[in-house]
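Enquirer: Quick one, fold the following:
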Amino acid sequence: MKPLKLLILGGSGEAADLARALDGDARYEVTLSLAGRTAEPAALPGRLLTGGFGGAEGLARVLGEERFNLVIDATHPFAVQIKANAIKAARAAGVPLLAIRRPAWVPRDGDRWIVVENLEAAADAIGERPRRVFLTTGRMELAPFRSAPQHFYIVRSVEAPSPRELPPRVELIAARGPFRLEDEKALLAERKIEVIVTKNSGGAGAEAKLEAARSLSLPVIMVTRPDLPEAPSVETVADALAWLERHHDSTSST
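Expert: Take a look at the predicted model:
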């Protein structure tokens, strides 16, 4: 029996974990697709595609031309457009799709969250008084904070942002998670951080900064998740592997 051709739409830790979990499994021929926003992504097993597909129609064409059997959407929780494109493309191509949607973070006792709808509201929520801000919204989404130039921003991202996106007063930290709690507490203390701004991506890889903020009683401006299109979904890589098993078993029995 030929291996099932699987396309993983990546951009999250779950995508990387899934690719590693399937490494060496002869039942699947894995292709991992990344948007290409990171010039040097972490090395992962399987075939790698980078760059966009040209919307839903382009993705549907690729699914058909390359005869993919299955699609798993493991894109970032805030990647609304590609999620919608994936659903539309999979439906058009007649390819089963599963989305991995990790649970959002929820506030715990001791948290000082200020929940906002978008990045513009997050910039406003910092306030008028100049503050030292730890900004972890991603390097592609810094421009809204140019409207609040009175603050000093410590920006952490995998790669350096475009200078055109940066607020005027900024320190850049290039780092790739996951991050340890003690390191996060040390960073917040050493940089004299007064407030954290982040997006509710969920997951364990970036949660340590929230634990550190809780322990130091620092406020966190939390950008809530956007509404996502409906799709068959699971929360974990283990559940996605079980879904793959079921599809493999049903295919091999026919």
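Enquirer: Report the spatially nearest residue to the residue nearest to the spatial centre of the chain, omitting neighbours in sequence.
Expert: In the chain, the centroid-proximal residue (C-alpha atoms, centre = their mean) is residue 76; its distance is 2.8 Å. Among residues not flanking residue 76 along the chain, residue 11 sits closest, at 4.6 Å (C-beta to C-beta, 6 or more residues apart in numbering). C-betas here are computed from N, CA, C, even on glycine.
Enquirer: What of residue 91?
Expert: In space, and not counting its chain neighbours, residue 91 is closest to residue 97: 7.9 Å by C-beta to C-beta, 6+ apart.
Enquirer: quick revisit: just to check, the residue nearest to residue 76 is in contact with residue 34?
Expert: Yes: assessed by C-beta atoms under 8 Å, residue 11 is found in contact with residue 34 at 6.4 Å.
Enquirer: list the helices and strands the one helix or strand residue 215 maps to packs on?
Expert: Secondary structure from DSSP states H and E places residue 215 in helix 208-216. With contacts defined as 3 or more C-beta pairs under 8 Å, 6 or more residues apart in numbering; DSSP states H and E, helix 208-216 has these neighbours: helix 181-190, strand 195-199, strand 219-223.
Enquirer: Okay, helices next: where are they in the stretch 101-250 of the chain?
Expert: 119-125, 181-190, 208-216, 237-252 (DSSP state H, counting those that start in this stretch).
Enquirer: Am I right that the residue nearest to residue 91 is in contact with residue 75?
Expert: No: counting by C-beta under 8 Å, residue 97 does not reach residue 75; the two are 11.9 Å apart.
Enquirer: Work out the sheet partners of the worst-scoring helix or strand of the chain on mean pLDDT and label each with its direction, please.
Expert: The weakest-scoring helix or strand in the chain, judged by mean pLDDT, DSSP states H and E, is strand 47-50 (a mean of 86). Using DSSP bridges, strand 47-50 pairs in its sheet with strand 28-34 (parallel).
Enquirer: before we move on, the earlier item: got a list of what the residue nearest to residue 76 touches?
Expert: 34-35, 74-76, 79, 82 (C-beta atoms under 8 Å, 6 or more residues apart in numbering).
Enquirer: do residue 88 as well
Expert: Residue 88 neighbours (C-beta under 8 Å, 6+ apart): 56, 60.
Enquirer: Wasn't it part of a helix?
Expert: Yes: assignment of residue 88 by DSSP: H, G, I helix; E, B strand; the rest coil places it within a helix.
Enquirer: how much space between it and residue 60?
Expert: Taking C-beta to C-beta, to the nearest Å as the measure, residue 88 falls 7 Å from residue 60.
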